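Engineer: Below are the sequence and a predicted model for it; my questions follow.
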Amino acid sequence: NAGVTQTPKFQVLKTGQSMTLQCAQDMNHEYMSWYRQDPGMGLRLIHYSVGAGITDQGEVPNGYNVSRSTTEDFPLRLLSAAPSQTSVYFCASSSRTVSYEQYFGPGTRLTVT
Amino acid sequence: GIQVEQSPPDLILQEGANSTLRCNFSDSVNNLQWFHQNPWGQLINLFYIPSGTKQNGRLSATTVATERYSLLYISSSQTTDSGVYFCAPIPGSARQLTFGSGTQLTVLP
């Protein structure tokens, strides 16, 4: 079991560029989510999904898109990167049936210049 | 939404000391998780605890959901305990975690 994996680990973008942060889990978890963590703060929810084909917005969704075509994958897309999106991004997953305990990936550190 | 307050914001200990971290939350919760974020940024699950007390080695946690707080106890602290400790309740029927601002713990040798 690899758990929750994220790629890339580090990324530098120029303002206006687009990119996709990848997240995958091999635990057959239905629930997946994306958080961002800014310096000195806790994590804030961007988007989440309760199953394939179903997504919803969290606390800070602006500037980000998601889709969920498979149970395993939940990519996060930045359409036009802005310096305010400089942050560390974490993906998490949990089961809908066993418990609500969420497991986090190692994070992606994104810098937008 | 639910408000989460963690105290103290910063804590410095000598190795071997004990400590208690507190998490207050404003609404009823289905469950609550405690995490340790190590100096490399990795989030480590410590406890998943809706109510009652759980223990794992030198760490234990107690949640009193009716009074809307949770406590994390660290005994005989070690330098590897350094990092940020986050409390994250799961409110009501939601599935999403709401994170507090964390307690920055530094354990000195």
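Structural biologist: Alright, I've got the coordinates.

Engineer: What residues does chain A have near chain B?
Structural biologist: Remark: the part of chain A in contact with chain B comprises A:31, A:33, A:35, A:40-45, A:48, A:50, A:58-59, A:88, A:90, A:92, A:94, A:96, A:99-104, A:106-107, A:109, using CB under 8 Å from any CB of the partner chain. C-beta coordinates here come from the backbone N, C-alpha and C atoms, glycine included.

Engineer: What pLDDT is listed against the closest residue to chain A within chain B?
Structural biologist: Chain A sits closest to B:Phe99 of chain B, with a gap of 3.2 Å, by CB to the nearest CB. For B:Phe99, the pLDDT comes out at 93.

Engineer: is it fair to say it lies in a strand?
Structural biologist: No - when DSSP: H, G, I helix; E, B strand; the rest coil is applied, B:Phe99 is found to be coil, with no strand at that position.

Engineer: what's near enough to touch the residue most central in space within chain A?
Structural biologist: Closest to where the C-alpha atoms of chain A average out (CA atoms, centre = their mean) is A:Trp34, at 3.0 Å. Shown in contact with A:Trp34 (CB atoms under 8 Å, 6 or more residues apart in numbering or on different chains): A:21, A:23, A:45-48, A:58, A:64, A:66, A:74, A:76, A:89-92.

Engineer: just these now: which is nearest chain B?
Structural biologist: If you rank the contacts of A:Trp34 by distance to chain B using CB to the nearest CB, A:Leu45 comes first, at 5.2 Å.

Engineer: Which secondary structure elements does the stretch of helix or strand the closest one belongs to sit against?
Structural biologist: Secondary-structure element containing A:Leu45, defined by DSSP states H and E: strand A:43-51. Using 3 or more CB pairs under 8 Å, 6 or more residues apart in numbering or on different chains; DSSP states H and E as the contact criterion, the elements in contact with strand A:43-51 are strand A:31-37, strand A:54-57, strand A:64-66.

Engineer: Most tightly packed of those?
Structural biologist: The highest mean neighbour count among those, using mean count of other CB atoms under 10 Å in any protein chain shown, belongs to strand A:31-37: a mean of 25.
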